[in-house]
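# Just a sequence and a predicted model for now, questions to come.
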Amino acid sequence: MRQLQRFAICAVLGGIALSPCLAGPVGSSVTYQGELSQQGAAFTGSADFQFRLFDAASSGGQVGATLTSSAVDIEQGRFAVDLDFGAAAFSGQARWLEISVRPAGGGAYTTLAPRQRIAPSPFALNATTLNGQSSAYFQDASNLVSGQIASPRLSGTYAGTLNLTNSNNTYAGNGAALIGLVASNISTGTLADARLSGNIPRLDATNTFTNTLTVAGAALPLRLRGGDFGNSLLEFNATGVGAGWYGRIQARNDHSTLAGPDTLLLNPDGGFVGIGGSTARGPLEVAGETYLSGAAPHALRFLNGSAATLTIGVAGGGGQYSSSAIANDAVIRNEAAGGRIHLQNGGAGAAMTIDASNRVGIGTNSPTQKLEVVGTAAYRTARFANPNTTQADAAGIEIFSASSNKAMNLVMGADGIFYISQASQADGGFGTSLRFNSATGLLSAKQYEIRGGADIAEPFDVISPDEDTRPGMIVCIDPEHPGKLQLASSEYDPTVAGIISGAGGVAAGLRLKHEGTLADGDRPVALSGRVYCWVDADASGPIRPGDLLTTSATRGHAMRACDPRRMPGSVLGKAMTPLGHGKGLVLVLVSLQ
């Protein structure tokens, strides 16, 4: 570490003096210039500096922050840096600058001694006075010749007259203690009630008029305001629909005019009342949402004469507005004898009807069942409670054709069996039916027709880890895995079990399995019926329709059976399509022999 020894001050606080020609404030930064020597010789190079300001030549307290100037260029010992300790650092008290230095870029700082005293420049000596005047001079208001005195500095009693004769003069205040005012000269504001005679309506007092009060005019003849904000308004005028007179009682939350909807509108022409709008075209016209508030029960009742015809309500307890209602139920009830409730959109007729017996019709105004849905004149769907007289608790749905007088019943019988039956409307019975017992899982019908498959299959797990197992391949019983199968791989195998279903686009028609036992698996294997099978026609000759087929040495493939001694127990069925040579799919009628 090099020792930096001498530090000299050449100029301090350059440019701090104020001058009238300056365009703006000079700021608080000062320029410091010094000389740095090393072992008695002027230093040339680059160094890092730290500067601290103190209030004493030694010890004392530091003033402001520590400033760092890195990589300062030094030529023949001379250097200059800008320092900004802030304007508050130089308050007129003596200050000393402590300097620490190190070679640029690293190492420990060396603090140079002694501290350097900061001397003021000649113009800075004038900072304690301004143009030779002390601060007390400027605190005397009698010495001020321009500017404006702040309001808090104005107080006291003035013996002379204060004249505001210039048209630009204004007076702001509450007018307290002013005398000699002429009322005709007051152009704005509101006179207090105490300044009004008893014959003039007052703002904050009860007004009593002993004679008829007549207000003339057409547009706004009478307005009475009140309330906390002065916004409640009562108005009578001749505007509105037609030439009739309307009485308006209007409450608003602002101080605007009467433009916009009214709170309450009275139309004497028909005795009509309008709420929330600008018209009253019927006995009661309400614009916007309507609320019936408070705890239930509450309701709207529509009367036909003196009797209630329609009630729309919210029940407050059991049985209110309806014998089946409980608390908070919404109820729509027609109380007229024999009356119906219609729900519709537009004028094309009711979309839904509830008759006096609580039967519901959709598309019909005269339902005959608990639920009846009508699409056209020939078809309807209904829910009925007793489709069969032999089972009193049966319930289901009837699909009825009026043109053929036939019905399809979907019925859950009292015996727990689900029936699908066809019957005439008159016989009321189940007729020929498909029956499903949900308790036993038994499905019963007189005939079944399967249109999506052509074989009877059972699912098996096929063990063949090293082979490509595909639909149409022949499988045999796997002696190493009870209940499972493996791909056939030898000629005339007596353990042949069947053909994996699904090849050639023909699916299994009926699958038989018992879940959770060995009689289950993931590959449907055809045991009877028609199924496509992979055949190797090169193994024992071309395949012709009617040929018996057996297993071959080609894994999963069949071949023509031509050795009567080995055929018993190894024949899987008869070919129904030909294959001249090579490998391909042949339609097989499965018949294990």
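Nice, thanks for sending it over. Numbering: from 1, shown residues only.

# And the strands in the stretch 1-150 of the chain?
6-11, 30-38, 41-42, 45-54, 62-74, 78-83, 96-103, 110-117 (DSSP state E, counting those that start in this stretch).

# Now for residue 144, how many residues are close by?
A count of neighbours around residue 144, defined by other Cβ atoms under 10 Å, yields 10. C-beta coordinates here come from the backbone N, C-alpha and C atoms, glycine included.

# no, scratch that, I was asking about residue 48
Residue 48, neighbours per other Cβ under 10 Å, totals 18.

# Hmm, residue 99 and it touching each other?
No: the criterion here is Cβ atoms under 8 Å, and residue 48 misses it with residue 99 at 11.3 Å.

# what residues are shared contacts of those two?
The contact sets of residue 48 and residue 99 do not overlap (Cβ atoms under 8 Å, 6 or more residues apart in numbering).

# what bridges to residue 37?
residue 6, residue 42 (DSSP bridges).

# Tell me the spacing between it and residue 101.
Look at residue 37 and residue 101: by Cβ to Cβ, to the nearest Å, they are 11 Å apart.

# what about these two, which has more around it?
Each of residue 37 and residue 101 has its neighbours counted (other Cβ under 10 Å); residue 101 has more, 22 against 14.

# pLDDT score assigned to the more buried one?
Note on residue 101: pLDDT of 93.

# Need the phi and psi values for residue 540.
Per-residue torsions, residue 540: phi -150, psi 30 (degrees, to the nearest 10).

# Could you double-check that it sits in contact with residue 557?
No: using Cβ under 8 Å, residue 540 is not in contact with residue 557, being 11.1 Å away.

# of the two, who's got more company?
residue 557 (23 against 18).

# count of residues packed around residue 526?
Close neighbours of residue 526, defined as other Cβ under 10 Å, add up to 31.

# Contact partners for it?
Contacts for residue 526 (Cβ under 8 Å, 6+ apart) come out as 455-457, 498-501, 508, 590.

# Could you check how far it is from residue 475?
Residue 526 is 10 Å from residue 475, by Cβ to Cβ.

# Give the residues shared as contacts by the two.
Joint contacts of residue 526 and residue 475 (Cβ under 8 Å, 6+ apart) are 498-500.

# Looking at the residues you listed, state which has the most neighbours.
Ranking the shared contacts of residue 526 and residue 475 using other Cβ under 10 Å puts residue 499 first, with 31 neighbours.

# That one is in contact with residue 473, isn't it?
Yes: counting by Cβ under 8 Å, residue 499 touches residue 473, with 7.2 Å between them.

# Give me the common contacts of the two.
The contact lists of residue 499 and residue 473 share residue 533, where a contact means Cβ under 8 Å, 6+ apart.

# Just give me the neighbour total for the residue lying closest to residue 111 once chain neighbours are set aside.
Closest residue to residue 111 apart from its sequence neighbours, by Cβ to Cβ, 6 or more residues apart in numbering: residue 100 at 4.6 Å. Look at residue 100: counted by other Cβ under 10 Å, it has 17 neighbours.

# My guess is residue 100 contacts residue 113. True?
No: counting by Cβ under 8 Å, residue 100 does not reach residue 113; the two are 10.5 Å apart.

# Nearest to residue 353 among the shared contacts of residue 526 and residue 475?
In terms of Cβ to Cβ, no member of the shared contacts of residue 526 and residue 475 lies closer to residue 353 than residue 500, at 58.3 Å.

# Would you mind confirming that the closest one makes contact with residue 527?
No: the pair residue 500 and residue 527 does not pass the contact test of Cβ under 8 Å, sitting 11.4 Å apart.

# which one is residue 570 nearest to, not counting chain neighbours?
That would be residue 492: by Cβ to Cβ, 6+ apart, it lies 4.2 Å from residue 570.

# Quick check: the one you found vs residue 441, distance?
Distance, residue 492 to residue 441, using Cβ to Cβ: 41 Å.

# Then residue 365?
In terms of Cβ to Cβ, residue 365 sits 44 Å off from residue 441.

# ok, those two, which is more surrounded?
residue 365 (13 against 7).

# Which pLDDT does the model give the more buried one?
For residue 365, the predicted pLDDT is 80.

# and if you look at residue 67?
93.

# Verify the contact between it and residue 32 for me.
No: if you go by Cβ under 8 Å, residue 67 and residue 32 don't touch, sitting 9.9 Å apart.

# Overlap in contacts, those two.
Residues touching both residue 67 and residue 32 by Cβ under 8 Å, 6+ apart: 51, 83.

# Need the CA coordinates for stretch 496-505. PDB is fine.
Provided in PDB are the C-alpha atoms of stretch 496-505 (Å, rounded to 0.1, in the frame of the first residue of the first chain):
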ATOM      1  CA  VAL A 496     -58.600 -75.100 -29.500                       C
ATOM      2  CA  ALA A 497     -61.100 -72.700 -27.900                       C
ATOM      3  CA  GLY A 498     -62.300 -70.300 -30.500                       C
ATOM      4  CA  ILE A 499     -61.500 -67.100 -32.500                       C
ATOM      5  CA  ILE A 500     -61.000 -63.600 -31.200                       C
ATOM      6  CA  SER A 501     -64.000 -61.500 -32.300                       C
ATOM      7  CA  GLY A 502     -64.000 -58.200 -34.200                       C
ATOM      8  CA  ALA A 503     -61.900 -58.900 -37.300                       C
ATOM      9  CA  GLY A 504     -63.200 -57.800 -40.700                       C
ATOM     10  CA  GLY A 505     -65.600 -55.200 -39.200                       C
END
